[in-house]
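Colleague: no sequence for this one, just the structure:
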């Protein structure tokens, strides 16, 4: 009888075998969720292929070009606030960094042109009888300066112009003489040359290059020399 008990006791380890861990079946299930995150990257790739914005680029560029034209026209009419406002209205339409910099360049141009206009008024107000200026190949001497008109002697003849209607060459000579050597002043002079009725791109480039050499930042202005709106404005 005791011998029968021992064989009965010996099989007891069989149920103790932890080799039937149905949890091991859970291991595959726990592994199953792992592939699921791996599948997520594939759906994330389509956003890279979402390129509908370029489809809208022509319309956006057309709006920006139109704004640049109106900005230049406002600058020629000395309506600087309207010029700046026109470009700020299309800032959010820039489809890329290139157009964003272009818009920023027009806004900077408006600011520089406005500054030049203020300095021009101050320079003309400072004109006094006896002042002499080199205008192109001639030398003019101020004979009389009133709030309404400026009278000068040039080549032995007297000439009188309304204060707000001085010839561009005279304005340039007066302002350049009044300006000091600050490189920022070249930014304003370049803006003046670009926004004249007949833009002088060579003089604008010379001024901005000189400003850059002196340490002033003209990086947003120089690209405007090749802006299609500016190029077309200079054509007959």
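Modeller: All right, it came through fine. Since the model is a prediction, treat every value here as computed from it, not as a measurement. Residues are numbered from 1 along each chain as shown.
Colleague: please, where are all the helices along the chain?
Modeller: 2-9, 13-16, 22-31, 35-39, 41-44, 46-49, 53-76, 80-88, 97-125, 168-178, 184-194, 201-214, 228-233 (DSSP state H).
Colleague: pLDDT below threshold where in the protein?
Modeller: 1-56, 236 (pLDDT under 70).
Colleague: now do 80
Modeller: 1-56, 234-236 (pLDDT under 80).
Colleague: quick one, which of the helices of the chain is nearest to residue 131?
Modeller: Proximity to residue 131 (CB to CB) singles out helix 168-178 among the helices of the chain, at 8.2 Å. Bear in mind the C-beta positions are built from the backbone N, C-alpha and C, glycine included.
Colleague: please name the strands paired to the longest strand along the chain in the sheet, noting orientation.
Modeller: Scanning the chain for the strand with the most residues, using DSSP state E, yields strand 138-145. On the basis of DSSP bridges, the sheet neighbours of strand 138-145 come out as strand 132-135 (antiparallel), strand 149-154 (antiparallel).
Colleague: identify the residues contacting the first one?
Modeller: Outside of strand 132-135, the residues that reach it under the criterion CB atoms under 8 Å, 6 or more residues apart in numbering are 139, 140, 141, 142, 154, 167, 169, 170, 173, 174, 177.
Colleague: one step back: in the longest strand of the chain, what counts as buried?
Modeller: 140, 142, 143, 145 (16 or more other CB atoms under 10 Å).
Colleague: can you list these in TSV and add distance to residue 128?
Modeller: Output for these, formatted as TSV (distance: CB to CB, whole Å):
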residue	distance to residue 128
140	13
142	6
143	10
145	6
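Colleague: start and end of stretch 154-168, how far apart?
Modeller: End-to-end distance of stretch 154-168 (CA to CA, to the nearest Å): 16 Å.
Colleague: buried set for that stretch?
Modeller: residue 166.
Colleague: so what touches it?
Modeller: Under the contact criterion CB under 8 Å, 6+ apart, stretch 154-168 has outside partners 124, 135, 138-141, 143, 146-153, 170, 174, 196.
Colleague: now do the longest strand of the chain: distance to the chain's middle.
Modeller: 40 Å (CA atoms, centre = their mean, to the nearest Å).
Colleague: that one to helix 97-125, inter-axis angle?
Modeller: Orientation check (axes from the mean of the first three to the mean of the last three CA atoms, to 10 degrees): strand 138-145 against helix 97-125 gives 60 degrees.
Colleague: helix 168-178 and strand 138-145, what's the angle between them?
Modeller: Going by the same axes, to 10 degrees, strand 138-145 makes 80 degrees with helix 168-178.
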